[in-house]
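Chemist: Mind folding the following:
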Amino acid sequence: MQNVQLGLIDYAILAIYVIFVIGIGFALKRYMKSSSDFLTSGRSIPAWVTGLAFISANLGALELVGMAGSGAKYGIATCHFYWVGAIPAMIFLAVFMMPFYYGSKARSVPEYLKLRFDERTRCLNSISFAVMTLFASGISMNALAKLLNQLLGWNYDISLWICSAVVLVYVLKGGLTSAIYTEVLQFFMIVLGFAPVVYLGMKDVGGWDMLKERLSQVAQHPATLGLTADANQVYASDAWSSAWKPLLAGHASNPMGVDLFAMVFGLGFVLSFGYWCTNFLVVQRAMAARNMSAARRTPLIAAVPKMIFPMLVILPGMIAAALAVTGKDGYHLPPKTLDSAMYAKAIPALKEASEKNLPGAAAAQLVSKAAGVKMIPDKIEALVKAAPTLKDKELKEGLQNAVAENNYDGVILSLVQRYCPSGLLGLALTGLLASFMSGMAGNVTAFNTVWTYDLYQAYIAPHKSDDHYMWMGRSVTVVGILLSIVCAYLVSHWSNAMDIIQLVFGFVNAPLFATFLLGMFWARTTGTGAFLGLLAGTGTSALFHALTSAVGNDPGIKGGYLSVVKVFPSDMAQNFWLASFAFTVCFVLTLGISLATRRTKTDEELKGLVYSLTPKLKDEEKAWYLRPAVLGVILLACCVVLNIIFW
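Modeler: Sure, this is the predicted structure:
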């Protein structure tokens, strides 16, 4: 991918945005008078603000970069992450779960677990959640640093540290309130930045009907674009443009490699409800609302833009695949970029292949193993023959040109580069910057709350002054940013942000949802059952990952590091099944152990924490359009209609 040059207006747009978000932090600093103000916003924010912040906190690398990459890799089936994997769970959170979260006065999700079960369950969830938020934050910042490096040529390390510093400043000054209000600004910047890219892309490809025609060519020849490891793989013509037909035909008939059970149970139930109903990152925004009514409306307000966001984030990836299959104006999906460490290993291997006069396949295997990236045999064979006469610079260019793996995280960047002139480029880059920074800030604010209240105050330094906990909240914000940077370097091994983030969610949220489901709706669930079930579920995730892999992946960081018992068609299929196993093990063990152990909490103690023991909320006095149940039914109906339209 060639670097682009920013104009003065582009730099001005970026600078104004950065100054503005830092200014929000400084403006809100004077309101930060207690640890509650800094860490939980004092439950004072209106519903429309928390609703937009709820959705914006999720608009990090997962949304813009990951979904665009998945749109190219899997097609319109990626919409299931919204219409199956988000909207129903957001409605369930609003109608059934927010009354427990908000009504219990818990300051965090782990604190709710303490009230419902015991300290052991709280501690386990606090630790696992803290690790998850750091990795999610690192994923956002890794994607941002890659963007600035690949698109503008800026140094990866410098970009990572400077952008992290900007997030640190405004979160350190204004706490959660600052993060929420900047997330509202970031929501609008993301829409303004990417709507022109989608419009120009659709115009370039010739409209929806022409897009479907081009995607049918993608389905017939996926290997030519590096979308499948099997050179003979052919899919039905609608595999990239139909949401349900390829899925119903079985895992071998769709590019995501999943069947109906894995999609509906693994994504639609376990991962979806596990993320939206138990992830403190998003729940924290609703808990910051000014009252119970606002807290329950928060996920419903967020569900409206969430439902139509596939047009903004998935459609660009589908456009990229359509352009690549025709090679229009020389466009191709961006290949994985080789770094200096890869070149240092690949060039000696290439020269060795040249000295031994190895044929294409053998030479490609040798070079691929050295570089850690799959190579195109024909191009490597030509490079091997010419190697004695080429300088290292020319060898590097030849190696980069021979890379067979797509860099799916670079798909949206390639479209920005293609369609955005000066001015529009600055707006699009600001939208990307906003998405990554909102992802990092959201995770860091969730991390500092859980650390301060659920780990530090609970186990390390109880009974300290409020000023002390506010100091700790600020201090651990700095630590959280630094650890996120470490995680950013670790997650750089994945070419698609969606694959790694779903893996992280499978480890943490999948078993946790089983714990919540039983805890909130079955009073007989015991603390011992919840703790051991959650521990076993998380352990099952680790074991499943250690024994399985996906097609095209060597045993190692992507799985199969103990032994490869099962190979899945794709990373996503592996993630869905991992989540399903983790949820099932946690659910069954929690159920069985609870029946075999004694309850430690009475019905009176569980009032407000368990559905059957809690007086039902009455909202008949509100206007019908403010009632969560009514709004939920309307949103669910709209979601069904979208699924039918794109069936």
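Chemist: Help me confirm that Lys618 is found in a helix?
Modeler: No. Under the criterion used here (DSSP: H, G, I helix; E, B strand; the rest coil), Lys618 is coil, not part of a helix.
Chemist: Measure how buried Ile16 is and give me the count.
Modeler: Residues contacting Ile16 under the criterion other CB atoms under 10 Å number 12. (C-beta placed from N, C-alpha, C; glycine too.)
Chemist: quick one: what helix or strand has it in it?
Modeler: Per DSSP states H and E: Ile16 is located in helix 8-28.
Chemist: With Glu352 instead?
Modeler: Taking DSSP H and E as the definition, Glu352 sits inside helix 340-356.
Chemist: in that helix, what's buried?
Modeler: Residues of helix 340-356 classed as buried by neighbour count (16 or more other CB atoms under 10 Å): 342-343, 346-347, 349-354.
Chemist: Also stretch 320-329?
Modeler: By 16+ other CB under 10 Å, the buried positions in stretch 320-329 come out as 320-325.
Chemist: before we move on, back to that, after the helix holding Glu352 comes which helix or strand?
Modeler: Remark: after helix 340-356, the chain's next helix or strand is helix 360-371, criterion DSSP H and E.
Chemist: average model confidence for that following helix?
Modeler: Mean per-residue pLDDT for helix 360-371: 80.
Chemist: Report the distance from it to the chain centre.
Modeler: Its chain's C-alpha centre and that of helix 360-371 lie 33 Å apart, by CA atoms, centre = their mean, to the nearest Å.
Chemist: cool, stretch 485-492 as well?
Modeler: Here the centre of stretch 485-492 is set off from its chain's centre by 14 Å, with CA atoms, centre = their mean.
Chemist: ok, residues contacting it?
Modeler: 134-135, 137-139, 141-142, 145-146, 160-161, 164, 497, 500 (CB atoms under 8 Å, 6 or more residues apart in numbering).
Chemist: ok, back up a step: output the contacting helices and strands for the helix holding Ile16.
Modeler: helix 156-205, helix 424-449 (3 or more CB pairs under 8 Å, 6 or more residues apart in numbering; DSSP states H and E).
Chemist: out of the buried residues of helix 340-356, who's nearest Phe26?
Modeler: Met342 (42.3 Å; CB to CB).
Chemist: which residues does the closest one contact?
Modeler: 371-373.
Chemist: do the same with Ala353
Modeler: Shown in contact with Ala353 (CB under 8 Å, 6+ apart): 362-363, 366-367, 380, 384, 387.
Chemist: Let's see if you can find the most crowded of the residues you listed.
Modeler: Using other CB under 10 Å as the neighbour criterion, Ile380 leads the contacts of Ala353 with 30 neighbours.
Chemist: Quick check: chain neighbours aside, which residue is closest to that residue?
Modeler: The shortest distance from Ile380 to any non-neighbouring residue, by CB to CB, 6 or more residues apart in numbering, is to Ala364 (4.3 Å).
Chemist: helix/strand/coil for Thr228?
Modeler: At Thr228 the chain is in coil, as set by three-state DSSP.
Chemist: Give me the distance between it and Leu543.
Modeler: As for Thr228, its distance to Leu543 is 28 Å (criterion: CB to CB, to the nearest Å).
Chemist: Look at these two and report which has more neighbours.
Modeler: Under the criterion of other CB under 10 Å, the comparison of Thr228 against Leu543 puts Thr228 first, with 21 against 16.
Chemist: show me where the chain has strands.
Modeler: Ranges of strands in the chain, per DSSP state E, are 548-550, 566-568.
Chemist: Tell me which of the ones you listed is the most buried.
Modeler: Stretch with highest mean neighbour count among the strands of the chain: strand 548-550 (a mean of 22; mean count of other CB atoms under 10 Å).
Chemist: so what secondary structure elements neighbour that one?
Modeler: The helices and strands touching strand 548-550, judged by 3+ CB pairs under 8 Å, 6+ apart, are strand 566-568, helix 571-596.
Chemist: Go ahead and name everything in contact with that strand.
Modeler: Residues outside strand 548-550 that contact it (CB under 8 Å, 6+ apart): 555, 558-560, 564-571, 573-574, 577-578.
Chemist: for those, which one is nearest Asn448?
Modeler: Using CB to CB, the contacts of strand 548-550 come closest to Asn448 at Leu578, 28.7 Å.
Chemist: about what we covered before: now find how far off-centre the helix holding Glu352 is within its chain.
Modeler: On CA atoms, centre = their mean, the centre of helix 340-356 falls 35 Å from the chain's centre.
Chemist: now it and helix 360-371, what's the angle there?
Modeler: With axes from the mean of the first three to the mean of the last three CA atoms, to 10 degrees applied, the angle from helix 340-356 to helix 360-371 works out at 150 degrees.
Chemist: neighbours around the closest residue to Phe187 other than its chain neighbours, how many?
Modeler: Nearest non-adjacent residue to Phe187, counting by CB to CB, 6+ apart: Ser56, 4.2 Å away. With neighbours defined by other CB under 10 Å, the count for Ser56 comes to 30.
Chemist: Quick check: Ser56 touching Gln186?
Modeler: Yes. Assessed by CB atoms under 8 Å, Ser56 is found in contact with Gln186 at 5.3 Å.
Chemist: list residues touching both of those two?
Modeler: Common neighbours of Ser56 and Gln186, counting by CB under 8 Å, 6+ apart, are Ser438.
Chemist: Output the contacting helices and strands for the lowest-mean-pLDDT helix or strand in the chain.
Modeler: Every helix and strand of the chain was ranked by mean pLDDT, DSSP states H and E. The lowest is helix 35-40, at a mean of 72. When contacts are defined as 3+ CB pairs under 8 Å, 6+ apart, helix 35-40 packs onto helix 156-205, helix 424-449, helix 466-490.
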